[in-house]
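Participant: sequence and computational prediction follow.
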Amino acid sequence: MRGLTFLLLAGIASCENTSPPANIGILLFPGFQPLDVIGPLDVFNALSIQRYIHTFFVSPTSTPVPFGAYTLPWFTPTGNFSSELEGSFIPSYTFDNIPPMDILIIPGGIGTRAPSPRLDETIKFVRDVYPKLGYLMTVCTGSGIAARAGVLDGKKATTNKLSWAQTIAHGPKVKWVAEARWVKDGNIWSSSGVSAGIDVAVAFVAEIYSEAAAVKATNMLEYERHTNATDDPFAILYGLTNEKNSTNQG
C-alpha cells in the first residue's frame, strides 16, 4: 500500500508544471532609466530565440510613459538649461488588465524619487502582485520602489551606488549589501546601477534556464558579462564597503 501511495504521489509531482518562467512584465513609470528597461529586456529578447518568452510593459494607465527627467513636473534642473529628451514607451497592459506574470522587473531612474503621492499606486501594485510572482528583479534604484512596497524587508538586496544613501533610506528593514554587482535572495534578484541590470539578467538566465543559454545570449549581444556578483567597481568608486555601509547584516 505504501508503495502504491508513493507511486501515486510521484505521478502527481511529475505532472506539475516545472517549466522555467516565460511571462515577464516590466514596470514603467515617468522618469524611468531607459537602459534599466532595455538592458534586461534585450537579454530576454536574445533568450527568446532559444525558447518561448513573452515580455510586456505594465503601467498604471495606457498613456505613453516618458523617460526624460525634464518631462517631470516636479524635477528641478541643476544647471541653467533644460534639455529636451523626447520619447516614450507605450505600456502593453495596465494594472487592471495584466496577464499572469512569472517575473516582474522594476527599473530605476530619476522617477523613483517622485514625491508622494505620485508613485503610491505603483508601490501598491508591487506590494499586491509580489505574492503572485515567481520572481522579482530590480535594477538600480528600482529597489527603492520594492523597499517602499515592503517586499524587501528581511531580504538581502543592493542598489545604485551613487544613490546609495538616498535609496536604502526607503528600506530600513532591508539587508542592504554595499559590495555587490547583484544580489540574489530567494526569488528576489537586485542589481547595482543601470548597466548592472544586464548582468543580473544574464546571471538569472544562467541559473534559471542554463549556463549555455546565458552564453549564447551574451554572445548574440556581443556583451562581456560580469560573472562575480560581489565585484562592483562602483562601490569602490564611491567608497562603499560592506563593513561601513551594508545594513542589518547581523
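Facilitator: Received it, and whenever you're ready, just let me know what you need. Residues are numbered from 1 along each chain as shown.
Participant: for the host helix or strand of residue 57, what is the distance to the chain centroid?
Facilitator: Taking DSSP states H and E as the definition, residue 57 sits inside strand 54-59. Averaging C-alpha positions (CA atoms, centre = their mean, to the nearest Å) puts strand 54-59 13 Å from its chain's average.
Participant: packing partners for it?
Facilitator: strand 23-27, helix 34-47, strand 93-94 (3 or more CB pairs under 8 Å, 6 or more residues apart in numbering; DSSP states H and E). The C-beta positions use only the backbone N, C-alpha and C, and glycine is treated the same way.
Participant: and after the shortest one, which helix or strand comes next?
Facilitator: Toward the C-terminus, strand 93-94 is succeeded by strand 103-106 as the next helix or strand (DSSP H and E).
Participant: hey, C-alpha coordinates of that following strand in PDB?
Facilitator: Presented in PDB, the C-alpha positions along strand 103-106 are these (Å, rounded to 0.1, in the frame of the first residue of the first chain):
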ATOM      1  CA  ILE A 103       8.700  37.700 -13.400                       C
ATOM      2  CA  LEU A 104       8.300  41.400 -12.700                       C
ATOM      3  CA  ILE A 105      11.300  43.700 -13.500                       C
ATOM      4  CA  ILE A 106      11.400  47.100 -11.700                       C
END
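Participant: parallel or antiparallel, which strands does that strand pair with?
Facilitator: For strand 103-106, sheet partners with direction are given as strand 23-27 (parallel), strand 135-138 (parallel), following DSSP bridges.
Participant: what's it in contact with?
Facilitator: In this structure, residues lying in contact with strand 103-106 by CB atoms under 8 Å, 6 or more residues apart in numbering are 21, 23-27, 37, 40-41, 58, 126, 129-130, 133-139, 142-143, 145-146.
Participant: which residues does residue 242 contact?
Facilitator: 177, 178, 179, 249.
Participant: gap between it and residue 184?
Facilitator: 16 Å (CB to CB, to the nearest Å).
Participant: and the residue positioned nearest the centre of the chain, bridged to which residues?
Facilitator: With distances taken as CA atoms, centre = their mean, the chain has residue 138 as the residue nearest its mean C-alpha position (2.2 Å). Beta-bridge partners recorded for residue 138 (DSSP bridges): residue 106, residue 190.
Participant: what about it, distance to residue 181?
Facilitator: In this structure, residue 138 lies at 13 Å from residue 181, with CB to CB as the measure.
Participant: so what strands line up beside the strand holding residue 57?
Facilitator: Strands flanking strand 54-59 in the sheet, each with its direction: strand 23-27 (parallel), strand 93-94 (parallel) (DSSP bridges).
Participant: pLDDT (mean, whole number) over the helix or strand just after it?
Facilitator: Taking DSSP H and E as the definition, the helix or strand that follows strand 54-59 towards the C-terminus is strand 65-66. Looking at strand 65-66 alone, the average pLDDT works out to 98.
Participant: so which elements touch strand 65-66?
Facilitator: If you count contacts as 3+ CB pairs under 8 Å, 6+ apart, strand 65-66 packs onto strand 88-89.
Participant: so among the contacts of strand 103-106, which ones count as buried?
Facilitator: Applying 16 or more other CB atoms under 10 Å to the contacts of strand 103-106, the neighbour count classes 21, 23-27, 37, 40-41, 58, 126, 129-130, 133, 135-139, 142-143, 145-146 as buried.
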